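okay, here's the prediction I keep looking at, along with the sequence it came from:
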Amino acid sequence: MSKIPLTNEQLKQQAPALFTKEPHYNTSDKYHFIKSIDVVNEIKANNWYPVSVSEASVRDLDKEGYQQHLVRFRHFDDLLHEQDNAVELLLFNSHDRSKSFSISAGIYRFVCANGLVIADSVFEKYKIKHLGDRENDVATAVANITAIKPMLIDKINKLESIELTQLEKESFARSSIPLRFENHLQVNHTDLLIPHREEDKNSSLYTVLNVIQENLLRGNISGTNKETGRRFTSREITSISKDVDVNQGLWDIAEKYFQ
């Protein structure tokens, strides 16, 4: 994650799919192609700048250059005045119909370099279908995320003010296990509560959310396959879709504690 905006050259080096000029040949004639870099430039024109980019790996080499990609943007004000947390704008797209065009809200926590994705229940993402006219859709989504920036930061402050008991922390951890592990994979929920830095050794709802998120995403959690009896150690999640699913699921759980 860069603290300064990425240039178009850097974006192209890290995610060439952003610059693809036509859709995959398997898409239909009705498919409304949206060139990702054009939307990146449109978002930049609204004072949000790209700080991170990734694209999905492909098994079918025929899909290389058309796969799902994600760009995270930060507002110019937050680049100038860095706080503990920053609201981000997340742009998703693909050119092979594997992912519809959408813009969502996210949170970046600097102390642990964690990027959260706000659940749809909190902020409904704006999907721009590859069919028909998308006039003003990007501008509308950007304007909405810009408008809710103060509210999201206020929500974080409230989550930080809520102290969880040990039983509540363990309940949160248990509830999060299905987001990452299938039923036949057994892990110790307390392993998900192990902090990796001094700043995370507290019991606020927001900190617990981030600690569990980090352990789920970055892996290295040991467990047992109940069907085979074999031990396993989880790997880091590299799938964009899985990363988002885990993030949004955790935010949903945190919302229930908040409410």
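Great, that's in hand.

what ranges do the helices span in the protein?
With helices called from DSSP state H, the chain shows them at 8-14, 36-44, 76-80, 137-161, 166-180, 205-218, 240-258.

any idea where the strands of the stretch 51-200 of the chain begin and end?
Assigned by DSSP state E, counting those that start in this stretch, the stretch 51-200 of the chain shows strands spanning 69-75, 85-93, 101-109, 114-117, 126-128, 185-187.

out of these, flag the one nearest residue 149.
Closest approach to residue 149 among the strands of the stretch 51-200 of the chain is made by strand 85-93 (4.5 Å; C-beta to C-beta). C-beta coordinates here come from the backbone N, C-alpha and C atoms, glycine included.

quick one: strands adjacent to the closest one?
Paired strands of strand 85-93, with direction, are strand 69-75 (antiparallel), strand 101-109 (antiparallel) (DSSP bridges).

right, and the strands of the stretch 51-200 of the chain - which one's nearest residue 246?
For residue 246, the closest of these is strand 114-117, at 8.7 Å, according to C-beta to C-beta.

counting contacts, what elements does that closest one pack onto?
strand 101-109, helix 205-218, helix 240-258 (3 or more C-beta pairs under 8 Å, 6 or more residues apart in numbering; DSSP states H and E).

with distance to residue 195 and mean pLDDT added, can I get these in TSV?
Formatted as TSV, those follow (distance: least, C-beta to C-beta, whole Å; pLDDT from 0 to 100):
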stretch	distance to residue 195	mean pLDDT
strand 101-109	13	86
helix 205-218	5	94
helix 240-258	16	90
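
tell me how many other residues crowd the closest residue to residue 239 other than its chain neighbours.
Closest residue in space to residue 239, ignoring its immediate chain neighbours: residue 56 at 6.9 Å, by C-beta to C-beta, 6 or more residues apart in numbering. Applying other C-beta atoms under 10 Å, we find 18 residues neighbouring residue 56.
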